[in-house]
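A.B. asks: pasting a predicted model and its sequence here:
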Amino acid sequence: MGDLFEEFEHKWGMVIDQDLCTGCQACVIACAMENNSPFVGEKDAGYGRSLQWIRIERFWEGQFPNVKATPFQPVMCQQCGYAPCEPVCPVFASVHSEAQQINVQVYNRCVGTRYCANNCPYQVRVFNFRDYERPEPLPNQLNPSVTVRRRGIMEKCTFCVQRIVVGEDLAKSENRQVIEGEVVPACAQVCPTEAIVFGRLDDPKSQVSQLSRSGRGVKLLEELGKLPSVTYLKGGSSYGRNG
Amino acid sequence: MAVTAETLEHAHLEDHEDPRQHLMLDPKPRGEMNALVMESMHATSWKFWVVAAILALVVAVCLFGAWGYMISEGLVLSGVNRPTYWGIFLVNTVFWIGISHAGTFVSALLRVFKAEFRRPFTRAAELMTGFGLVQAGLSIFMHMGRVWITYWMVPYPNERGLWPNFHSPLSWDFLAINTYLLSSTMYLFLPLIPDLAMARDRSTGWRKIFYRLLALGFRGTEGEWTHLRIAMNIFAFAILPVMFSVHTIVAWDFAAASRPGWSSTIFGPYFVVGALQSGIAAVAMVLVVIRSTMKNMKYFIRAEHFDALGKLMLVVSMAWAYFFFNDYTVQWYGGDKFTRVLLHFHEAGPLGWMWFGMLISNVAIPWLLLWNKKIRRNPGLLFIIGLFINVGMWIERYIIIPISLTINREPFTWRLYKPGIEIVLGIGTLAFFILLYMIASRLLPLVPVWEVQEGQLAHGLRRVGKATVTSVSELE
Amino acid sequence: MPETKTLLALFKDIDPAAEAIDRLRGMGIGDDQMNIISGIPVTERMLGRPRQWSNVPRLAMGGAVAGLLIGLFLAFGTPSLYTIHVGGQSIFPGPPTVVVLFEMTMLGMLVSTFLGVFLDSYLPSYRPKEYVPEISDGNIAILFTCPVDAEPSFIEAMTSLGAQSVHPTEVGQL
């Protein structure tokens, strides 16, 4: 049935420059606002049930008082090419988008077996453990482009697919290609140091493509061969953006 | 009629032992055995009703009540978190599927190998399979986030254009467990029909209506017996690969995931042997309880059966130790850094005492005790050993699931699992299992009398030189 | 047309029953006019009876084929009809296909074996039948049709061989 089969359109990817990230967590908040993430409360968040789609990992080396901080590491769904979360969902709630080359989570289909979360090597998938309250006037803040999820459903970063689709549709209606910088996810939009860069990896001249080919570029858990779409740049301040 | 069965304390164990201590060499007229079995079904003391009432209350509150509450509130009541997204619900699921392998082992594997000692307890074991799978099914439904749409895992044509994802080990689980549940229920029912006919002939009132309905009009004509025997032979051989495949597929739920400690190629056979271990130990425990609480069962279930089960428990424990050591050694030697951290966490982490407890229960206790014939033949001791083995196997699955999930390749997410409402629900499933079994013991003849008589007909004594030996004929 | 009657001779053990069947054959009763009902399966060899054919093995094979076809539909049909790509795996992945085919084949075989027993035995059937409850106490009953006027000689023959009882059968609700 050919009409159910998507055609490839763009390959979206991201570059995160850990040498520029200050760990301010603005991306975490912006993501939660954009994607209608609920507030789970201190107790649940302390037990590992927060519904943040992006987390800032902080590590340090050494023992006090000779402690050295290492670069902050924002981790979100890596939108793997061979996503291990996809084949294990028994009801096809986690599937690959051929058009945008990202991994999509279908909220209405999820029955909550949580196998996808167990199989994610980056542990980026989160689960709605209960129906969370939004006391007035918080419902006014909800983003109408994004579904509100109920209890029992898995969710994760979508590269703000609602913004991607708007950008792609606009370009199609104006009979042109998507312009560089036209589609910006919430995290990239608020980052004060522009540490998060987003764009089309299938366009070799885009900023994200060029940065991902940088000598400072590494991918997380690359040896697992899941083909993540996010490249991390780190190497110290001596490299800078032009290295 | 007075029934006196020889008490075990007076059984002699020397070479010139009385052959009548063996059930197969101690035949009674079929009519008398029928009466024994019918009486064991009818004789219900007040203690039975008290225990059943308590269990029913536990089931109503701890199982259905608590589960309903959890469905309305969400899985926040459980102990599941990131990264331990699977917890005691999955442990219980794997545990109950393991217990369910008891029945198929006894009625199919022992039948295929013509182990005559299986005859009096095939049905008791098969009932464990059915009821164990019910608990496994309940546990699996409990762990789901949106259990009310679980039916989407069933392959059926629908207007959404969506079928289940057969890439997923959970879909294989669905097919395999349902196949196994249907097959073992059918395999329970087929040899039950002649006993239901017997019960029909000896009952009055509502029981007669019940047995007449279930016996389907069976009489025992040549045709009926032929078809039944052929079907039972086909089932015995065919259900064995199904049994192996079921627990292998359950093992692949974990092995197919690329997690440190889970992605181990030996999980398939390791889980099958583990299931056999907990299953056989559970059969021994159930037989001890049946023998001591039900009337006339001391005639059918004797020291020789516990002796045989004890030997099996020892052998399977050695097989389990072999697979455990295989899995452990290769991961310890050549595993990546996260796997080695995980192994260290098993033994030396905050729950390291569980790991040692598992090895003591599954290996040390059987190996130290079950080689001794006196210990094997003692029902009380065998019950305790079986209990240790089952607790040890539950711990093994706890280590494999929540404890192993704690360590992954993203150290920032490592976090311990603290059980929540799962404990209450687990107790509920245990109570439900026992309750279902107690109800079945009142409604179904627990001993397949026709198979026992068939076995007694096939056994005899003959002289070889100066010795009197048992001889078994092939009557099929 | 001489009138016939159906008699039921009840035996406790296999040997006298086998002899009785031989005697009946000698007295002119054909194998198809005899029916043996017993409380444990007594094979035809033991009683000197003709081999009983059964459709159960063929039904089992047929069921296995049916199960395989259903498995083929699930493993190959559904992904071709409704293609969804997951995890970089082919839409017809090898090992999952094997699992699905195996399980559905075994399910088909076992369900059809089970149903085959009832199909071949014409069960469930609750209409009145010829039966005595002593059969489930381990006795062997021989039902045979004989001419009415020869009835006393048959009764005498069966009793002399050790029958516990010989009487005309009654068709009754089981």
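C.D. replies: It's in.
A.B. asks: helix, strand, or coil at the residue in chain A positioned nearest to chain B?
C.D. replies: Closest contact between chain A and chain B, by CB to the nearest CB, is at A:G112 (1.7 Å). Glycine gets a C-beta too; all of them are placed from N, C-alpha and C. The three-state assignment at A:G112 reads coil, by DSSP: H, G, I helix; E, B strand; the rest coil.
A.B. asks: was I right about B:W172 contacting B:N178?
C.D. replies: No - with contact defined as CB atoms under 8 Å, B:W172 and B:N178 do not form a contacting pair (10.9 Å).
A.B. asks: who's in contact with C:G63?
C.D. replies: C:G63 sits next to C:108-113, C:115-116 when contact means CB atoms under 8 Å, 6 or more residues apart in numbering or on different chains.
A.B. asks: quick one, which of those are buried?
C.D. replies: Neighbour-count burial (16 or more other CB atoms under 10 Å in any protein chain shown) is assigned, among the contacts of C:G63, to C:108-113, C:116.
A.B. asks: ok, now how distant is B:F64 from B:I97?
C.D. replies: In this view, B:F64 and B:I97 are 21 Å apart by CB to CB, to the nearest Å.
A.B. asks: looking at the two, which is more packed in?
C.D. replies: Under the neighbour definition other CB atoms under 10 Å in any protein chain shown, B:F64 and B:I97 were set side by side, and B:I97 has more, 29 against 14.
A.B. asks: would you agree that one is in contact with B:G132?
C.D. replies: Yes - between B:I97 and B:G132 a contact is recorded at 7.1 Å, counting by CB under 8 Å.
A.B. asks: hang on, the earlier thing: the buried ones among the contacts of C:G63: which ones sit near chain B?
C.D. replies: C:109-111, C:113, C:116 (CB under 8 Å from any CB of the partner chain).
A.B. asks: nearest to C:A141, of the residues you listed?
C.D. replies: C:A141 lies nearest to C:G116 out of these, by CB to CB, at 25.4 Å.
A.B. asks: confirm the closest one sits in a helix?
C.D. replies: Yes - the assignment for C:G116 is a helix, going by three-state DSSP.
A.B. asks: which ones are touching it?
C.D. replies: C:G116 makes contact with B:227, B:231, C:55-56, C:59-60, C:63, according to CB under 8 Å, 6+ apart.
A.B. asks: and what of A:C31?
C.D. replies: Each residue near A:C31 by CB under 8 Å, 6+ apart is listed here: A:37, A:52-54, A:76, A:157, A:185-187.
A.B. asks: secondary structure class for the closest residue to A:K219 other than its chain neighbours?
C.D. replies: Spatial nearest neighbour of A:K219, chain neighbours left out: A:P228 (5.2 Å); criterion: CB to CB, 6 or more residues apart in numbering or on different chains. Under the three-state scheme (three-state DSSP), A:P228 adopts coil.
A.B. asks: quick one, which of B:W172 and B:N178 is more surrounded?
C.D. replies: Set side by side, B:W172 and B:N178 show unequal neighbour counts under other CB under 10 Å, the larger going to B:W172 at 28 against 16.
A.B. asks: now do the phi/psi pair for that one.
C.D. replies: In terms of degrees, to the nearest 10, the main-chain angles of B:W172 are phi -60, psi -40.
A.B. asks: B:D26 now?
C.D. replies: Backbone dihedrals for B:D26, given as degrees, to the nearest 10, come out at phi -120, psi 60.
A.B. asks: excluding chain neighbours, what is closest to it?
C.D. replies: Going by CB to CB, 6+ apart, B:D26 has B:R20 as its nearest residue, at 4.2 Å.
A.B. asks: related to what we said a few turns ago, which of the buried ones among the contacts of C:G63 sit farthest apart?
C.D. replies: Across the buried ones among the contacts of C:G63, the two lying at the largest distance from each other (CB to CB) are C:G108 and C:G116, at 11.8 Å.
A.B. asks: which residue does chain C have closest to chain B?
C.D. replies: Chain B sits closest to C:G138 of chain C, with a gap of 2.8 Å, by CB to the nearest CB.
A.B. asks: and that residue, what does it touch?
C.D. replies: With contact set as CB under 8 Å, 6+ apart, C:G138 has these partners: B:29-31, B:453, C:12, C:39-40.
A.B. asks: let's see it at 6 Å
C.D. replies: With contacts taken as CB atoms under 6 Å, 6 or more residues apart in numbering or on different chains, C:G138 has the following neighbours: B:30, B:453, C:39.
A.B. asks: again, but for B:A102
C.D. replies: With contacts defined as CB under 6 Å, 6+ apart, the neighbours of B:A102 are B:125, B:128, B:279, B:282-283.
A.B. asks: output the below-cut-off pLDDT ranges for chain A.
C.D. replies: Chain A contains residues with pLDDT under 70 at A:1-5, A:236-243.
A.B. asks: tell me which parts of it are close to chain C?
C.D. replies: Within chain A, the residues that sit near chain C (CB under 6 Å from any CB of the partner chain) are A:5, A:82-83, A:86-87, A:92, A:95-96.
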